[in-house]
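Chemist: How does the following fold in three dimensions:
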Amino acid sequence: MDVPGSDLRRRAVEAVRQRRAGLVADRRRHDHDVYKPAANRRQFDLGRVLRRDRRRSARLQPGVDAVGNPDRYDDRRRRRAAARLDASGPERRTAERHPAVRHHLETSHATPVSGLTDGSTYTYYVRCIDAAGNANTTDGAISFSIATSSTAGLVAAYGFNEGTGSTVNDGSGNGNQGTIANATWSTAGKYGGALLFNGTNAAVAIPDAASLHLTTGMTLEAWVQPTAAQGTVWRTIMLKERPGGLSYALYANTSAGRPSADINIGSDQSAAGTAGLAVNAWTHVAATYDGATLRLYVNGTLVRSVAAAGSLVAATGSLRFGGNSIWSEWFKGYIDEVRIYNRPLSATEIVNDMNKPLVP
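Modeler: Below you'll find the model as predicted:
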(Lines give C-alpha, C1' and ligand atoms only; values in the text may rest on other atoms or scores of the structure.)
Protein backbone atom coordinates (compact mmCIF):
# COMPACT_ATOMS: atom_id res chain seq x y z
CA MET A 1 0.00 0.00 0.00
CA ASP A 2 1.93 3.03 -1.28
CA VAL A 3 -0.25 6.13 -1.87
CA PRO A 4 1.01 9.74 -2.03
CA GLY A 5 -0.43 12.70 -0.15
CA SER A 6 -3.66 12.84 1.83
CA ASP A 7 -5.00 9.61 0.34
CA LEU A 8 -2.56 7.56 2.41
CA ARG A 9 -4.47 7.44 5.70
CA ARG A 10 -7.94 7.26 4.12
CA ARG A 11 -7.05 4.25 2.01
CA ALA A 12 -5.28 2.54 4.88
CA VAL A 13 -8.43 2.86 7.01
CA GLU A 14 -10.58 1.58 4.15
CA ALA A 15 -8.29 -1.38 3.63
CA VAL A 16 -8.46 -2.26 7.30
CA ARG A 17 -12.22 -1.74 7.41
CA GLN A 18 -12.63 -4.33 4.71
CA ARG A 19 -10.57 -6.70 6.91
CA ARG A 20 -8.52 -7.82 3.99
CA ALA A 21 -6.70 -11.07 4.72
CA GLY A 22 -8.33 -11.28 8.15
CA LEU A 23 -6.73 -8.12 9.54
CA VAL A 24 -8.16 -6.29 12.55
CA ALA A 25 -7.43 -2.64 13.26
CA ASP A 26 -8.13 -0.01 15.90
CA ARG A 27 -9.57 2.89 13.89
CA ARG A 28 -9.87 5.47 16.63
CA ARG A 29 -7.63 8.52 15.98
CA HIS A 30 -6.64 6.82 12.69
CA ASP A 31 -3.60 5.37 14.40
CA HIS A 32 -3.38 1.79 13.26
CA ASP A 33 -2.21 -1.31 15.03
CA VAL A 34 -2.41 -4.30 12.76
CA TYR A 35 -2.85 -7.91 13.87
CA LYS A 36 -3.26 -10.99 11.83
CA PRO A 37 -4.64 -13.87 13.91
CA ALA A 38 -3.48 -17.38 13.17
CA ALA A 39 -0.65 -16.46 10.83
CA ASN A 40 3.07 -16.59 11.21
CA ARG A 41 4.19 -13.29 9.74
CA ARG A 42 2.85 -10.52 7.55
CA GLN A 43 4.32 -7.10 6.68
CA PHE A 44 2.38 -4.02 5.57
CA ASP A 45 3.14 -0.40 4.71
CA LEU A 46 0.37 1.43 6.59
CA GLY A 47 1.26 5.04 7.02
CA ARG A 48 2.40 6.53 10.27
CA VAL A 49 2.21 4.14 13.21
CA LEU A 50 1.96 6.13 16.43
CA ARG A 51 1.21 3.62 19.15
CA ARG A 52 0.37 0.05 20.12
CA ASP A 53 -2.99 -0.84 21.55
CA ARG A 54 -2.27 -3.43 24.24
CA ARG A 55 -5.97 -3.73 24.99
CA ARG A 56 -6.53 -4.87 21.42
CA SER A 57 -3.67 -7.34 21.72
CA ALA A 58 -5.39 -8.84 24.74
CA ARG A 59 -8.38 -9.72 22.59
CA LEU A 60 -6.45 -12.32 20.66
CA GLN A 61 -7.40 -15.92 21.36
CA PRO A 62 -5.92 -17.47 24.52
CA GLY A 63 -2.57 -19.06 23.91
CA VAL A 64 -1.62 -16.72 21.09
CA ASP A 65 1.48 -14.64 21.67
CA ALA A 66 1.20 -11.71 19.23
CA VAL A 67 3.78 -8.99 18.71
CA GLY A 68 2.34 -6.06 16.79
CA ASN A 69 5.35 -3.78 16.93
CA PRO A 70 6.36 -1.55 14.05
CA ASP A 71 9.75 -2.91 13.12
CA ARG A 72 11.01 -0.45 10.50
CA TYR A 73 10.15 2.89 8.95
CA ASP A 74 11.88 5.66 7.05
CA ASP A 75 11.19 9.40 7.15
CA ARG A 76 10.95 10.18 3.49
CA ARG A 77 8.46 12.56 1.85
CA ARG A 78 5.83 9.95 2.59
CA ARG A 79 6.46 8.42 6.01
CA ARG A 80 6.16 4.69 5.81
CA ALA A 81 6.00 2.10 8.50
CA ALA A 82 6.04 -1.61 8.39
CA ALA A 83 4.09 -3.47 11.01
CA ARG A 84 5.02 -7.07 11.50
CA LEU A 85 3.06 -9.68 13.38
CA ASP A 86 4.46 -12.89 14.76
CA ALA A 87 1.49 -14.96 15.91
CA SER A 88 2.42 -18.20 17.55
CA GLY A 89 -0.15 -20.45 19.17
CA PRO A 90 0.77 -24.10 18.81
CA GLU A 91 -2.45 -26.07 19.07
CA ARG A 92 -1.19 -29.40 17.80
CA ARG A 93 2.07 -31.11 18.65
CA THR A 94 3.45 -34.22 17.04
CA ALA A 95 6.26 -36.32 18.44
CA GLU A 96 7.76 -37.87 15.33
CA ARG A 97 9.07 -41.40 15.64
CA HIS A 98 7.99 -44.60 14.01
CA PRO A 99 5.16 -44.90 14.71
CA ALA A 100 4.35 -41.23 15.30
CA VAL A 101 2.54 -40.15 18.45
CA ARG A 102 0.06 -37.33 17.87
CA HIS A 103 -1.73 -34.92 20.20
CA HIS A 104 -4.31 -32.47 18.88
CA LEU A 105 -5.42 -29.10 20.23
CA GLU A 106 -3.01 -29.16 23.14
CA THR A 107 -0.30 -26.77 24.24
CA SER A 108 1.38 -29.35 26.49
CA HIS A 109 1.31 -33.08 26.91
CA ALA A 110 3.29 -36.09 28.15
CA THR A 111 3.67 -39.19 26.02
CA PRO A 112 5.05 -42.48 27.38
CA VAL A 113 6.99 -44.52 24.84
CA SER A 114 7.83 -48.20 24.89
CA GLY A 115 9.78 -50.76 22.93
CA LEU A 116 13.13 -49.09 23.66
CA THR A 117 16.35 -51.07 23.88
CA ASP A 118 18.90 -50.81 26.67
CA GLY A 119 22.14 -49.17 25.59
CA SER A 120 20.52 -47.38 22.64
CA THR A 121 20.12 -43.68 21.82
CA TYR A 122 16.89 -42.24 20.44
CA THR A 123 15.88 -38.90 18.96
CA TYR A 124 12.29 -37.68 18.88
CA TYR A 125 11.22 -34.69 16.78
CA VAL A 126 8.43 -32.44 18.02
CA ARG A 127 6.43 -30.48 15.45
CA CYS A 128 4.04 -27.69 16.50
CA ILE A 129 1.14 -26.67 14.27
CA ASP A 130 -1.29 -23.85 14.98
CA ALA A 131 -5.04 -23.86 14.29
CA ALA A 132 -4.50 -22.49 10.77
CA GLY A 133 -2.15 -25.33 9.86
CA ASN A 134 1.08 -23.33 10.07
CA ALA A 135 3.95 -25.56 11.22
CA ASN A 136 7.24 -24.59 12.77
CA THR A 137 10.00 -24.63 10.19
CA THR A 138 12.49 -26.34 12.50
CA ASP A 139 11.40 -29.40 14.45
CA GLY A 140 12.38 -29.52 18.11
CA ALA A 141 14.70 -32.47 18.71
CA ILE A 142 14.69 -34.46 21.96
CA SER A 143 17.56 -36.91 22.25
CA PHE A 144 18.14 -39.38 25.06
CA SER A 145 19.84 -42.67 25.81
CA ILE A 146 18.65 -45.78 27.62
CA ALA A 147 21.21 -46.98 30.14
CA THR A 148 22.54 -50.47 29.74
CA SER A 149 21.02 -52.82 32.28
CA SER A 150 23.84 -53.85 34.58
CA THR A 151 23.99 -57.20 36.35
CA ALA A 152 27.25 -56.33 38.09
CA GLY A 153 27.22 -57.78 41.58
CA LEU A 154 24.26 -60.11 40.95
CA VAL A 155 24.89 -63.19 43.11
CA ALA A 156 21.51 -64.94 42.89
CA ALA A 157 18.44 -64.60 40.65
CA TYR A 158 15.23 -66.60 40.43
CA GLY A 159 12.46 -66.16 37.85
CA PHE A 160 10.58 -69.30 38.98
CA ASN A 161 9.77 -70.30 35.42
CA GLU A 162 10.71 -73.98 35.74
CA GLY A 163 7.07 -74.97 36.25
CA THR A 164 7.82 -78.46 37.50
CA GLY A 165 10.11 -80.36 39.82
CA SER A 166 11.54 -79.47 43.22
CA THR A 167 14.49 -77.32 42.14
CA VAL A 168 14.70 -73.59 41.44
CA ASN A 169 17.56 -72.52 39.20
CA ASP A 170 19.85 -69.57 39.81
CA GLY A 171 19.91 -67.25 36.81
CA SER A 172 22.95 -65.31 38.01
CA GLY A 173 25.41 -67.99 36.93
CA ASN A 174 26.66 -68.54 40.48
CA GLY A 175 25.05 -71.94 40.89
CA ASN A 176 22.91 -71.08 43.90
CA GLN A 177 20.15 -73.59 43.14
CA GLY A 178 17.38 -74.06 45.70
CA THR A 179 15.10 -76.86 46.84
CA ILE A 180 11.33 -76.42 47.15
CA ALA A 181 9.39 -77.70 50.16
CA ASN A 182 5.57 -77.53 50.06
CA ALA A 183 5.41 -74.55 47.67
CA THR A 184 3.64 -75.05 44.34
CA TRP A 185 4.39 -73.86 40.84
CA SER A 186 2.10 -71.27 39.28
CA THR A 187 1.81 -69.63 35.88
CA ALA A 188 0.27 -66.52 37.47
CA GLY A 189 3.58 -64.80 38.21
CA LYS A 190 4.37 -61.14 37.76
CA TYR A 191 6.39 -62.20 34.73
CA GLY A 192 5.75 -65.78 33.65
CA GLY A 193 5.87 -68.33 36.44
CA ALA A 194 5.97 -67.92 40.22
CA LEU A 195 5.92 -69.97 43.39
CA LEU A 196 2.85 -70.06 45.61
CA PHE A 197 3.55 -70.38 49.35
CA ASN A 198 0.91 -71.74 51.72
CA GLY A 199 1.68 -69.65 54.80
CA THR A 200 2.26 -72.64 57.08
CA ASN A 201 5.29 -74.68 55.99
CA ALA A 202 6.23 -73.79 52.41
CA ALA A 203 9.74 -72.51 51.68
CA VAL A 204 12.70 -72.65 49.32
CA ALA A 205 16.14 -73.42 50.80
CA ILE A 206 19.41 -72.40 49.12
CA PRO A 207 22.57 -73.85 50.69
CA ASP A 208 25.21 -71.49 52.04
CA ALA A 209 27.80 -70.29 49.54
CA ALA A 210 30.59 -67.72 49.56
CA SER A 211 28.72 -65.63 46.97
CA LEU A 212 25.88 -65.18 49.50
CA HIS A 213 28.19 -63.75 52.19
CA LEU A 214 27.35 -60.06 51.96
CA THR A 215 29.26 -57.44 53.98
CA THR A 216 28.98 -53.70 53.22
CA GLY A 217 27.04 -53.93 49.98
CA MET A 218 23.61 -55.49 49.47
CA THR A 219 20.43 -55.33 47.41
CA LEU A 220 17.45 -57.66 47.95
CA GLU A 221 14.52 -57.55 45.52
CA ALA A 222 11.31 -59.49 44.90
CA TRP A 223 7.81 -59.18 43.50
CA VAL A 224 5.26 -60.46 46.03
CA GLN A 225 1.49 -60.90 46.11
CA PRO A 226 -0.08 -61.73 49.47
CA THR A 227 -3.24 -63.80 49.03
CA ALA A 228 -4.61 -63.12 52.51
CA ALA A 229 -4.55 -60.33 55.04
CA GLN A 230 -1.19 -60.48 56.82
CA GLY A 231 -2.29 -59.07 60.16
CA THR A 232 0.51 -58.40 62.64
CA VAL A 233 2.53 -61.54 61.91
CA TRP A 234 6.06 -61.51 60.48
CA ARG A 235 6.08 -62.85 56.90
CA THR A 236 9.38 -63.78 55.26
CA ILE A 237 10.18 -62.98 51.65
CA MET A 238 13.84 -63.99 52.04
CA LEU A 239 16.21 -64.45 54.97
CA LYS A 240 19.87 -65.47 55.32
CA GLU A 241 20.14 -67.54 58.46
CA ARG A 242 22.75 -67.67 61.18
CA PRO A 243 22.50 -69.47 64.54
CA GLY A 244 19.68 -67.81 66.45
CA GLY A 245 19.16 -64.96 64.02
CA LEU A 246 19.64 -63.41 60.61
CA SER A 247 22.37 -61.72 58.61
CA TYR A 248 20.00 -59.99 56.17
CA ALA A 249 16.30 -60.32 55.40
CA LEU A 250 13.40 -58.85 53.47
CA TYR A 251 9.94 -59.13 55.04
CA ALA A 252 6.52 -58.69 53.44
CA ASN A 253 5.04 -57.98 56.88
CA THR A 254 6.02 -57.38 60.51
CA SER A 255 4.22 -57.06 63.82
CA ALA A 256 3.45 -53.47 62.77
CA GLY A 257 1.68 -54.70 59.61
CA ARG A 258 4.26 -53.27 57.19
CA PRO A 259 7.10 -54.57 54.98
CA SER A 260 10.62 -54.29 56.33
CA ALA A 261 14.32 -54.58 55.48
CA ASP A 262 16.42 -56.12 58.27
CA ILE A 263 20.14 -56.63 58.81
CA ASN A 264 22.47 -57.51 61.65
CA ILE A 265 25.71 -55.51 62.01
CA GLY A 266 26.34 -56.68 65.56
CA SER A 267 22.80 -55.68 66.46
CA ASP A 268 19.58 -55.91 64.51
CA GLN A 269 18.67 -52.91 62.36
CA SER A 270 15.35 -52.43 60.58
CA ALA A 271 13.86 -50.08 57.99
CA ALA A 272 10.08 -50.50 57.97
CA GLY A 273 7.60 -49.30 55.36
CA THR A 274 4.82 -46.81 55.91
CA ALA A 275 1.86 -49.01 54.92
CA GLY A 276 0.95 -52.65 54.57
CA LEU A 277 1.08 -54.48 51.24
CA ALA A 278 -2.14 -54.81 49.27
CA VAL A 279 -3.78 -58.23 49.19
CA ASN A 280 -4.13 -59.97 45.80
CA ALA A 281 -1.96 -57.36 44.09
CA TRP A 282 1.67 -57.47 43.01
CA THR A 283 4.09 -55.21 44.89
CA HIS A 284 7.81 -54.84 44.31
CA VAL A 285 9.82 -54.73 47.54
CA ALA A 286 13.55 -53.97 47.65
CA ALA A 287 16.21 -53.26 50.27
CA THR A 288 19.71 -51.82 49.90
CA TYR A 289 22.63 -51.41 52.28
CA ASP A 290 25.88 -49.53 51.60
CA GLY A 291 27.69 -49.91 54.91
CA ALA A 292 26.16 -46.72 56.26
CA THR A 293 22.44 -46.62 55.44
CA LEU A 294 19.72 -49.25 55.19
CA ARG A 295 16.98 -48.35 52.70
CA LEU A 296 13.59 -49.84 51.86
CA TYR A 297 11.87 -49.33 48.49
CA VAL A 298 8.27 -50.17 47.62
CA ASN A 299 7.38 -50.19 43.92
CA GLY A 300 10.63 -48.36 43.19
CA THR A 301 9.99 -45.54 45.66
CA LEU A 302 12.20 -45.01 48.69
CA VAL A 303 9.93 -45.23 51.74
CA ARG A 304 12.43 -45.46 54.60
CA SER A 305 16.15 -44.99 55.23
CA VAL A 306 17.91 -45.72 58.51
CA ALA A 307 21.50 -44.88 59.47
CA ALA A 308 23.32 -48.14 60.24
CA ALA A 309 27.10 -47.99 59.94
CA GLY A 310 28.99 -51.27 59.98
CA SER A 311 29.28 -54.62 58.23
CA LEU A 312 26.81 -57.48 58.01
CA VAL A 313 27.64 -60.31 60.38
CA ALA A 314 28.89 -63.52 58.82
CA ALA A 315 26.23 -66.17 58.32
CA THR A 316 26.73 -69.76 57.20
CA GLY A 317 23.10 -70.86 57.37
CA SER A 318 20.75 -71.35 54.45
CA LEU A 319 19.11 -68.60 52.44
CA ARG A 320 15.36 -69.21 52.51
CA PHE A 321 12.35 -67.81 50.65
CA GLY A 322 8.80 -67.83 52.03
CA GLY A 323 9.75 -68.77 55.58
CA ASN A 324 12.74 -69.50 57.82
CA SER A 325 13.88 -72.13 60.30
CA ILE A 326 14.73 -69.62 63.04
CA TRP A 327 11.27 -68.19 63.80
CA SER A 328 9.22 -69.83 60.98
CA GLU A 329 7.46 -66.57 59.87
CA TRP A 330 5.68 -68.09 56.88
CA PHE A 331 4.49 -66.06 53.89
CA LYS A 332 1.14 -66.79 52.24
CA GLY A 333 0.99 -65.82 48.59
CA TYR A 334 3.10 -65.59 45.43
CA ILE A 335 6.79 -64.72 45.17
CA ASP A 336 8.47 -63.95 41.83
CA GLU A 337 11.58 -62.31 40.34
CA VAL A 338 13.96 -62.62 43.30
CA ARG A 339 17.32 -60.89 42.90
CA ILE A 340 20.24 -60.56 45.32
CA TYR A 341 23.26 -58.29 44.70
CA ASN A 342 26.46 -57.80 46.66
CA ARG A 343 26.27 -54.04 46.07
CA PRO A 344 23.65 -51.35 46.70
CA LEU A 345 21.68 -50.55 43.57
CA SER A 346 20.54 -47.02 42.80
CA ALA A 347 16.84 -46.18 42.68
CA THR A 348 17.06 -46.09 38.89
CA GLU A 349 18.56 -49.58 38.78
CA ILE A 350 15.86 -50.90 41.08
CA VAL A 351 13.14 -49.51 38.82
CA ASN A 352 14.90 -51.04 35.83
CA ASP A 353 14.88 -54.45 37.55
CA MET A 354 11.20 -54.00 38.44
CA ASN A 355 10.29 -53.63 34.79
CA LYS A 356 12.63 -56.23 33.34
CA PRO A 357 11.79 -59.91 33.85
CA LEU A 358 14.55 -62.40 34.48
CA VAL A 359 15.39 -64.53 31.47
CA PRO A 360 14.00 -68.03 32.05
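Chemist: tell me the domain boundaries of this protein?
Modeler: Structural domains assigned to the chain are 7-88, 92-145, 154-354, following automatic domain parsing.
Chemist: For residue 254, which non-adjacent residue is closest in space?
Modeler: Excluding the flanking residues, the one nearest residue 254 by Cβ to Cβ, 6 or more residues apart in numbering is residue 260, at 4.8 Å. Glycine gets a C-beta too; all of them are placed from N, C-alpha and C.
Chemist: Now the weakest link among the domains of the chain, please, by mean pLDDT.
Modeler: If these are sorted by mean pLDDT, domain 7-88 sits at the bottom with a mean of 41.
Chemist: Quick one: residues contacting the residue nearest to residue 203 when sequence neighbours are not counted.
Modeler: For residue 203, the nearest residue in space outside its immediate sequence neighbours is residue 323; the separation is 3.9 Å by Cβ to Cβ, 6+ apart. The neighbourhood of residue 323, defined by Cβ atoms under 8 Å, 6 or more residues apart in numbering, consists of 197, 201, 202, 203, 236, 329, 330, 331.
Chemist: Next: residue 207.
Modeler: With contact taken as Cβ under 8 Å, 6+ apart, residue 207 is in contact with 176, 318.
Chemist: quick one: it from residue 320, how far?
Modeler: Between residue 207 and residue 320 the computed distance is 11 Å (Cβ to Cβ, to the nearest Å).
Chemist: re the thing from before, who does the residue nearest to residue 254 bridge with?
Modeler: When bridges are assigned using DSSP bridges, the partners listed for residue 260 are residue 251, residue 272.
Chemist: That one contacts residue 273, doesn't it?
Modeler: Yes. Under the criterion of Cβ atoms under 8 Å, residue 260 lies in contact with residue 273, with a separation of 6.7 Å.
Chemist: intersection of neighbour lists for these two?
Modeler: Where contact means Cβ under 8 Å, 6+ apart, the residues bridging residue 260 and residue 273 through contact with each are residue 296.
Chemist: At which residues are the strands of the stretch 101-250 of the chain located?
Modeler: Secondary structure of the stretch 101-250 of the chain (DSSP state E, counting those that start in this stretch): strands at 101-104, 121-129, 140-145, 154-158, 167-168, 178-181, 184-186, 194-198, 203-206, 218-226, 235-242, 245-253.
Chemist: of all those strands, which lies closest to residue 344?
Modeler: With Cβ to Cβ as the criterion, residue 344 lies closest to strand 218-226 of the strands of the stretch 101-250 of the chain, at 5.8 Å.
Chemist: Spatially nearest residue to residue 270 (excluding sequence neighbours)?
Modeler: In space, residue 270 comes closest to residue 262 once its chain neighbours are excluded; the distance is 4.9 Å by Cβ to Cβ, 6+ apart.
Chemist: what about the one you found, how many neighbours?
Modeler: Counted with other Cβ atoms under 10 Å, residues neighbouring residue 262 total 23.
Chemist: roughly how far apart are it and residue 324?
Modeler: Relative to residue 324, residue 262 is positioned 11 Å away (criterion: Cβ to Cβ).
Chemist: Leaving out the residues flanking it, which one is nearest to residue 277?
Modeler: Here the nearest residue to residue 277 in space, its sequence neighbours aside, is residue 283; by Cβ to Cβ, 6+ apart that works out to 4.9 Å.
Chemist: can you check residue 168 too?
Modeler: Closest residue in space to residue 168, ignoring its immediate chain neighbours: residue 178 at 4.4 Å, by Cβ to Cβ, 6+ apart.
Chemist: cool, residue 249 as well?
Modeler: Using Cβ to Cβ, 6+ apart, the nearest residue to residue 249 is residue 239, at 4.0 Å.
Chemist: Tell me how many other residues surround the one you found.
Modeler: Residues near residue 239, counting by other Cβ under 10 Å, number 30.
Chemist: ok, it to residue 264 distance?
Modeler: For residue 239, the distance to residue 264 under the criterion Cβ to Cβ works out to 11 Å.
Chemist: can you list residues touching both of these two?
Modeler: Counting by Cβ under 8 Å, 6+ apart, the contacts common to residue 239 and residue 264 are 246, 248.
Chemist: Touching, residue 233 and residue 256? I think so.
Modeler: No. Between residue 233 and residue 256 there is no contact, the gap being 10.9 Å when judged by Cβ under 8 Å.
Chemist: so what's the residue nearest to residue 249 bridging to?
Modeler: Under the criterion DSSP bridges, residue 239 forms beta bridges with residue 249, residue 320.
Chemist: separation between it and residue 116?
Modeler: Taking Cβ to Cβ as the measure, residue 239 falls 36 Å from residue 116.
Chemist: give me the element residue 333 is part of.
Modeler: strand 332-341 (DSSP states H and E).
Chemist: quick one: strands adjacent to that strand?
Modeler: strand 154-158 (antiparallel), strand 194-198 (antiparallel), strand 218-226 (antiparallel).
Chemist: That one vs strand 235-242, what angle?
Modeler: Strand 332-341 and strand 235-242 are oriented at 50 degrees to each other (axes from the mean of the first three to the mean of the last three Cα atoms, to 10 degrees).
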